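> Dropping a prediction and its sequence here:
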Amino acid sequence: MLMKAAQWLVDSLFSDFSNADQRITCIYGCELWLYTILSTLGLLILGVFLQSFWEAVIIIFIFYTCQSTGGGFHASSHMRCFLTMAIGLLTGLLVMKVPVFQCALPCLCLLSLVMLLLFPLCLHPHKQYLKGNEKALRKQSYFATLCIAVCIVGLSLLENLNLFYAGCIATCLAAISRFSARNKV
């Protein structure tokens, strides 16, 4: 369905393609763009249902940032990707609400940040063409991880500790994703 919508959108916006490969590339990019929008909306709706909208926003933002800059687990289809993210978000939002886990979250977050810094990059097999830019990509990942750490410290200073816990959970989920991809779990 997304493929058909992407084809329609690309054909509507760009009627003249001199190169078939260029059209296919545009359709692929448009499909990813549509999927990202729809899956993010789905995750935000899940956050609304759980009465944790802002916590969901923080988890999604931090997770997407880590995934985009350093890589991580990639599901084999859009549906599996969405289900994996939804289960991760749901689990994270529920774990945050358990007082016993709340005490452990800062330590898990610190451990996760260290892991993200030790393993800054995990290129997907389809992204091996980026291997030549590995040094710059590692720097970008380090920078993103350090910015996330600063943001989490900032969240700890707010009166709403749930936002801090959301940042901790997001960092843990990102580290699990990176670990899974590196070890092909």
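Good, I have the coordinates.
> alpha carbons only for contacts and neighbour counts from here, please
Noted.
> Give me the three-state assignment for Gln51.
Here Gln51 is coil, with the state taken from DSSP: H, G, I helix; E, B strand; the rest coil.
> Could you report the separation of it from Thr84?
Using CA to CA, to the nearest Å, one obtains 20 Å as the distance from Gln51 to Thr84.
> Looking at those two, which is more packed in?
Thr84 (15 against 12; other CA atoms under 10 Å).
> any weak-confidence spans in the chain?
2, 6, 10-11, 15, 17-18, 126, 185 (pLDDT under 70).
> ranges for the helices of it?
Using DSSP state H, the helices of the chain run over residues 2-13, 20-49, 53-70, 78-96, 99-118, 134-156, 161-183.
> Compile those helices into TSV and extend it with columns for distance to Gln128.
Formatted as TSV, those follow (distance: least, CA to CA, whole Å):
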stretch	distance to Gln128
helix 2-13	24
helix 20-49	17
helix 53-70	13
helix 78-96	21
helix 99-118	20
helix 134-156	10
helix 161-183	14
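> Among the ones you listed, pick out the one with the most neighbours on average.
Counting by mean count of other CA atoms under 10 Å, helix 161-183 has the highest mean neighbour count of these, with a mean of 23.
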